[in-house]
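>>> what's the 3D shape of this:
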Amino acid sequence: MKLTTRGHYSVKALLDLSLQPIGEPVAVKTIASRQNIPAPYLEKLLIEMRRGGLVESVRGAAGGYKLAKPPEKISLGQILASVGETIDPLPHHNPTAAQAEDWVTFTLWQRLHQKLKEALYAITLADLYYDARSWQASQGESTSFVV
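So this is what the prediction gives:
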């Protein structure tokens, strides 16, 4: 599975929001600037993630977006699903019994798909945050956080 730009930007945006004090919204332009994401594209992704229950929007001069739940309650699988990312290995492939080799391959991919899906839903935004922080520390980088 390859993480598309859509999925990558979505994860970056939510990691950025995870750094904010609880309840404080962040403007789209601020996130876009920090994470080097085009603001109009980010806005569309945030709207999709709002519909998916991952972020909340706050109106007004001090408005923006904030996480709808704690980072440890948001999985990578939820993030990707909210923006339409799929991990289906062989869509529309349904071999017959006579195609034994294809059936074995199909079954193998189905099992791998299930394991990958379980892993994506087990990895949380909090896990990604701590992994990124650990990597930055190992590289001797400062605590500024850009994914």
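
>>> alpha carbons only for contacts and neighbour counts from here, please
Will do.

>>> number of residues surrounding the residue nearest to residue 68 when sequence neighbours are not counted?
Counting by CA to CA, 6 or more residues apart in numbering, the nearest residue to residue 68 once its immediate chain neighbours are dropped is residue 55, at 4.4 Å. Residue 55 is flanked by 20 other residues according to other CA atoms under 10 Å.

>>> verify the stated contact: residue 55 with residue 64.
No: using CA atoms under 8 Å, residue 55 makes no contact with residue 64, being 10.1 Å away.

>>> so where's the protein uncertain?
Residues of the chain that meet the criterion pLDDT under 70 lie in 1-2, 87-100, 141-147.

>>> just the strands from it, written as ranges.
All strands of the chain, identified by DSSP state E, fall at 55-58, 64-67.

>>> just these: most buried one?
strand 64-67 (a mean of 23; mean count of other CA atoms under 10 Å).

>>> just list what that one packs against, helices and strands only.
Packing partners of strand 64-67 (3 or more CA pairs under 8 Å, 6 or more residues apart in numbering; DSSP states H and E): helix 5-18, strand 55-58.

>>> can you list those in TSV and add distance to residue 26?
Shown next, in TSV, are the helices and strands packed on strand 64-67 (distance: least, CA to CA, whole Å):
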stretch	distance to residue 26
helix 5-18	7
strand 55-58	9
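
>>> of those, which is nearest residue 106?
Across the helices and strands packed on strand 64-67, residue 106 has its closest neighbour in helix 5-18 (25.8 Å, CA to CA).

>>> contacting residues around the closest one?
The contact list for helix 5-18 (CA atoms under 8 Å, 6 or more residues apart in numbering) reads 26, 31-32, 35, 37, 42, 45-46, 65-67, 71, 76, 79-80, 83, 85, 125-126, 128-129, 145-147.

>>> quick check: PyMOL command selecting the buried ones in these.
Those of the contacts of helix 5-18 that count as buried under 16 or more other CA atoms under 10 Å are selected in PyMOL with:
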select buried, resi 26+31+32+35+37+42+45+46+65+66+67+71+76+79+80+83+125+126+128+129+147
